[in-house]
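Peer 1: Following is a predicted model, sequence given first.
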2 protein chains.
Amino acid sequence: MEHVHCRLETKDLWDKFHDLGTEMIITKTGRRMFPTLRVSFSGLDPDQKYLVLMDIIPVDNKRYRYAYHRSSWLVAGKADPPLPNRYHVHPDSPFTGDQLQKQTVSFEKLKLTNNMMDKTGHVILNSMHKYQPRIHIVKKKESTPCQGSFTSLDAEEYRTFVFPESVFIAVTAYQNQLITKLKIDSNPFAKGFRDSTRLTDFDSEGQLFRLTFPLIFDRIFYD
Amino acid sequence: MEHVHCRLETKDLWDKFHDLGTEMIITKTGRRMFPTLRVSFSGLDPDQKYLVLMDIIPVDNKRYRYAYHRSSWLVAGKADPPLPNRYHVHPDSPFTGDQLQKQTVSFEKLKLTNNMMDKTGHVILNSMHKYQPRIHIVKKKESTPCQGSFTSLDAEEYRTFVFPESVFIAVTAYQNQLITKLKIDSNPFAKGFRDSTRLTDFDSEGQLFRLTFPLIFDRIFYD
DNA sequence: ATCCTTTTCACCTAAGTGTGAAAA
DNA sequence: GGTTTTCACACTTAGGTGAAAAGG
């Protein structure tokens, strides 16, 4: 697994958020992450089967608060008691190496919650704490279950990738107004709050283009 | 272009609808097609640029009506005056052959309307008429515009693919109740009408699976 | 009791979908 | 009188709002 590479496809967007200090909303019922973690791999064995996993780990042992007058995050004390870490197998796993090198893997369905009693499988985080998402790729052996539990892993069987631009602070309400603005402008699901005069245009939902002159297609091939 | 192949990725779903007699709603403001036409290509020149187009042509010169007592479609006379055919360039065009062989092309944004005055570029169809969608792949020359109008095409420059399982009758309201049921069960946007006891489960939105036992990841690679 | 911070919740936007009664 | 079309409505998921509630 030494030559495996992992690319963050959504790096540009993550960078924009990272510059402002990324915040992710966590709710009782679970909230998606935005931006989404979307990655692609290279250097895999095309015929080997792999699982792709994601988890989110605390970056430090601190609790943060937002200083409005300075528009910046300050340390506000020691972290709350840590929560049990959960690993999330991408639902399309297992992938063949061939598949993985052709398509990107998107963790758009993953949701964050502050509900410690959550039973729906969302990631449980502490509010006002700093986190780092991670991506893991695991070589699947005959015996590796795709669902269920892992018991042991040899060192050769997996690799972990960390993208520092994806660190974020979990919040129950946005603190930095610039983050709110960037979310509204870049998340298609927040369209309802955009000004009619859009300054930014991240969404790739280009209009269907129509030709005004008909083409002539006289030969039809059945396939 | 002789060796180009085109595969209908959503064939299974189309087949299910075709068995019942596919109906597509057309409205004044435009309605998406469901199932979506999603295709992939092979046999292309990786470095060549291509445009992918779709159009929808009348299958015959007939008008249909639905006989409720027999639960089947009957011919109800001659077709209404034909409407001008429009060709729709996929908004992501042009593609390189390499891109096209790695990803599938989805026409999910295309909308159908019965409004002959439509200025938004949707496909205009006659209600109660039978139609056949077609996919065209066109080799892009330096001079070929991606937007605008084509003036002429050499015979070697394109191929047209037709999937007979994608024929449908345009309607303003569903006629066959079994079609309504299948749409509700298979279109994620119609979830609100599903019984709590889902018999069918076409949507691929599998729940994220969670491991209950933590894995041990001690080696972190920055990438 | 006061004050400040953090969390919750009912509410509205948005697009896509079928409903069912009314209008053609 | 029967068939076809329209339209306001309700539902789903995802997202931010802003006032009220909860915490400390």
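Peer 2: Done, it's in.
Peer 1: where along chain A do the helices fall?
Peer 2: In chain A, the segments counted as helices under DSSP state H are A:11-20, A:97-102, A:177-186.
Peer 1: next one: the first one to chain centre, how far?
Peer 2: Right, helix A:11-20. When C-alpha coordinates are averaged (C-alpha atoms, centre = their mean, to the nearest Å), helix A:11-20 and its chain have centres 13 Å apart.
Peer 1: what about it, near chain B?
Peer 2: No: judged by C-beta under 8 Å from any C-beta of the partner chain, helix A:11-20 and chain B are separated, with a smallest distance of 11.1 Å. For every residue, glycine as well, the C-beta is placed using N, CA and C.
Peer 1: Convert the C-alpha atoms of that helix to PDB, please.
Peer 2: Taking only C-alpha atoms (Å, rounded to 0.1, in the frame of the first residue of the first chain), the coordinates of helix A:11-20 have been written out as PDB:
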ATOM      1  CA  LYS A  11      -9.900  21.000  -2.200                       C
ATOM      2  CA  ASP A  12     -10.600  24.500  -3.700                       C
ATOM      3  CA  LEU A  13     -13.900  24.800  -1.700                       C
ATOM      4  CA  TRP A  14     -12.300  23.500   1.500                       C
ATOM      5  CA  ASP A  15      -9.500  26.000   1.100                       C
ATOM      6  CA  LYS A  16     -12.000  28.900   0.900                       C
ATOM      7  CA  PHE A  17     -13.700  27.800   4.100                       C
ATOM      8  CA  HIS A  18     -10.400  27.000   5.800                       C
ATOM      9  CA  ASP A  19      -9.200  30.600   5.200                       C
ATOM     10  CA  LEU A  20     -12.200  31.800   7.300                       C
END
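Peer 1: Go through it and flag the buried ones.
Peer 2: Taking 16 or more other C-beta atoms under 10 Å in any protein chain shown as the basis for neighbour counts, the residues of helix A:11-20 that come out buried are A:K11, A:L13, A:W14, A:K16, A:F17, A:H18.
Peer 1: ok, the fifth one - contacts?
Peer 2: Yep, that's A:F17 we're talking about. A:F17 sits next to A:P35, A:F168, A:I179, A:L182 when contact means C-beta atoms under 8 Å, 6 or more residues apart in numbering or on different chains.
Peer 1: go on, the fourth one?
Peer 2: Under the criterion of C-beta under 8 Å, 6+ apart, the contact partners of A:K16 comprise A:L182, A:S186.
Peer 1: can we see that at 7 Å?
Peer 2: Applying C-beta atoms under 7 Å, 6 or more residues apart in numbering or on different chains to A:K16 gives the contacts A:L182.
Peer 1: can you check the one 5 residues further on too?
Peer 2: With contacts defined as C-beta under 7 Å, 6+ apart, A:G21 is in contact with A:W73, A:I169, A:N176.
Peer 1: related to what we said a few turns ago, closest one to A:M1 among the helices of chain A?
Peer 2: When the helices of chain A are compared for distance to A:M1 using C-beta to C-beta, the nearest one is helix A:97-102, at 11.0 Å.
Peer 1: related to what we said a few turns ago, please identify which of the helices of chain A is closest to A:F163.
Peer 2: helix A:11-20 (7.1 Å).
Peer 1: Does DNA strand D have contacts with the closest one?
Peer 2: No: where contact is defined by C-beta under 7 Å from any atom of the strand, no part of helix A:11-20 touches DNA strand D; the two come within 11.0 Å at best.
Peer 1: For burial, what's the neighbour tally of the residue nearest to A:K102 when sequence neighbours are not counted?
Peer 2: Using C-beta to C-beta, 6 or more residues apart in numbering or on different chains and skipping residues adjacent in sequence, the residue nearest A:K102 is B:K102, 5.0 Å away. Residues contacting B:K102 under the criterion other C-beta atoms under 10 Å in any protein chain shown number 15.
Peer 1: same thing with the one 3 residues further on?
Peer 2: Look at B:V105: counted by other C-beta under 10 Å, it has 21 neighbours.
Peer 1: Just the buried ones from the contacts of A:G21?
Peer 2: In the contacts of A:G21, burial by neighbour count holds for A:W73, A:I169, A:N176, counting by 16+ other C-beta under 10 Å.
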